[in-house]
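Asks: Sequence unavailable; structure follows:
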């Protein structure tokens, strides 16, 4: 089946540091999404990417859709304590209403 | 801001019992989904639903599972005879049509515990 390999599995950083995480796949995806999940909550969409090579920002977050359509990265600049949570990449193939395939998640811990 | 809601937030049941998980998608959304997340693992797709029928389902979604949109607002997931391995967080998601937004919005989830 389709697999998304997300790394790192976890990160422990100091407040103010920048963070980078990525997802890779052996299959091509037409859309890459990044979600954040807080404990006991559902995933919340952060950034959506629709074109190969696309670079999109949302505040302190920046994400890129890899040119091969098989990878994506998410950067968080100047981290703050509320950035704590689990970050998931998700990919979609085919139609725009198709299922999402999720990565394993990156657990981010920010020390004040 | 409109949001997906789910009830109950936590359901405890005995193995072999039937459970129904309920979702109210965002009004005017046309596509509906169920995903599950076993504790500590990734989110996995179960089923998608559009125009009153299943569009796609995963291998996990076997004959024990069914979905229904009984009225204009609710979207339910039924597990006929629960197993221990069905214990997980179940997330409902919805997506608008072409004019309703591109992406899936997730509810807060229902934690199902099968004893």
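Replies: All right, it came through fine. All of these numbers come straight from a predicted model, not from anything done at the bench.

Asks: Run through the residues of chain B sitting next to chain A.
Replies: B:4, B:31, B:33, B:35, B:41-45, B:48, B:50, B:55-56, B:58, B:91, B:93, B:95, B:102-109 (CB under 8 Å from any CB of the partner chain). Every C-beta, even on glycine, is put in place using the N, C-alpha and C of the backbone.

Asks: Filter those down to the buried ones, ChimeraX style.
Replies: Buried residues among those (16 or more other CB atoms under 10 Å in any protein chain shown), as a ChimeraX selection:
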select /B:4,31,33,35,42,43,44,45,48,50,55,56,58,91,93,95,103,104,105,106,107,108,109
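
Asks: outside of the helix or strand harbouring residue B:67, which residues touch it?
Replies: If you go by DSSP states H and E, residue B:67 is part of strand B:65-68. Under the contact criterion CB atoms under 8 Å, 6 or more residues apart in numbering or on different chains, strand B:65-68 has outside partners B:32, B:34, B:46-47, B:49, B:54, B:75-80.

Asks: Just the closest of those residues to residue A:38, please.
Replies: Each of these was scored against residue A:38 by CB to CB, and residue B:34 proved nearest at 20.4 Å.

Asks: got a pLDDT number for the nearest residue to the closest one once chain neighbours are set aside?
Replies: Taking CB to CB, 6 or more residues apart in numbering or on different chains, and ignoring the residues beside it in sequence, residue B:34 has residue B:46 as its nearest neighbour in space, at 4.3 Å. Residue B:46 is assigned 98 on the pLDDT scale.
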